[in-house]
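Trainee: please find the sequence and the predicted model below.
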Amino acid sequence: MIWPFSRFRKPPARLRGTIEAIYGMIVTQAREPLFYRDLAVPDTIDGRFDMVLLQLWLVLRRMRPEEDLAQGLFDRFCTDMDDNLRELGTSDLKVPKKMREFGSAFYGRTKAYDVAMQEGGESLAAALCKNIYNGRDIAQAGRLADYVAAADSYLAGLDPATLTSGAWRFPSPTTILAST
């Protein structure tokens, strides 16, 4: 199980570079302009948080939770969120409360996405609509669900050694959506 807020644990030295490389890919993918421009993901702090969380979930669902790398990626996400809160001027007293909210959002959304992937059909679009579009744009959520399904399939096709090496790239959302 990925343990929340275990930020005081340093990942094994052999994994630090890989964690940074994979987390960098996650953030880069989450910042892809297409999501905000063409799929109408809100270009807000919440919208960007949701996109980082979505990309992180895609990667973590393909790793064994007990792996040090999975825990390291989750810890890196928590550190990034903490750093962002402080950069936005959140007081030291409010950061722990906000981090608990982030943890609750992480576990709630990832559980909803896991269930939706198992159910298939329109379930993923409905979950994305609720969590990312605040229930307002099922059509765009359906297009985002197409991306998620294709990215998940791509990551599932990577052998474990490649996935955990960080020697891969997310598929292009432009290419995915052009083919749907």
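Mentor: Looks like it came in fine.
Trainee: packing partners for the longest helix along the chain?
Mentor: For the chain, the helix that runs over the most residues, judged by DSSP state H, is helix 95-119. Applying 3 or more C-beta pairs under 8 Å, 6 or more residues apart in numbering; DSSP states H and E, we find helix 95-119 packed against helix 45-60, helix 68-87, helix 123-132. To be clear about C-beta, it is placed using only N, CA and C from the backbone, and glycine gets the same treatment.
Trainee: angle of that helix against helix 68-87?
Mentor: For helix 95-119 against helix 68-87, the angle by axes from the mean of the first three to the mean of the last three C-alpha atoms, to 10 degrees is 130 degrees.
Trainee: between helix 123-132 and helix 95-119, find me the angle.
Mentor: 160 degrees.
Trainee: can you list the buried residues in helix 95-119?
Mentor: Across helix 95-119, burial judged by 16 or more other C-beta atoms under 10 Å covers 98-99, 102, 105-106, 109-110, 112-113, 116-117.
Trainee: mind checking how far the residue of the chain most remote from its centre is from residue 85?
Mentor: Distance from the centre of the chain peaks at residue 93, with 26.4 Å (C-alpha atoms, centre = their mean). From residue 93 across to residue 85, the span is 12 Å (C-beta to C-beta, to the nearest Å).
Trainee: coming back round to it: in a markdown table: the buried residues of helix 95-119, plus distance to residue 136 and pLDDT.
Mentor: Shown next, in a markdown table, are these (distance: C-beta to C-beta, whole Å; pLDDT from 0 to 100):
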| residue | distance to residue 136 | pLDDT |
| --- | --- | --- |
| 98 | 24 | 86 |
| 99 | 27 | 86 |
| 102 | 22 | 86 |
| 105 | 18 | 91 |
| 106 | 22 | 93 |
| 109 | 17 | 96 |
| 110 | 22 | 95 |
| 112 | 17 | 97 |
| 113 | 19 | 97 |
| 116 | 18 | 97 |
| 117 | 22 | 96 |
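Trainee: follow-up on the earlier one: in terms of mean pLDDT, which of the helices and strands packed on helix 95-119 ranks lowest?
Mentor: Here those differ in mean pLDDT, and the lowest is helix 68-87 at a mean of 90.
Trainee: that one vs helix 45-60, what angle?
Mentor: 170 degrees.
Trainee: tell me which other helices or strands helix 68-87 touches.
Mentor: helix 13-30, helix 45-60, helix 95-119.
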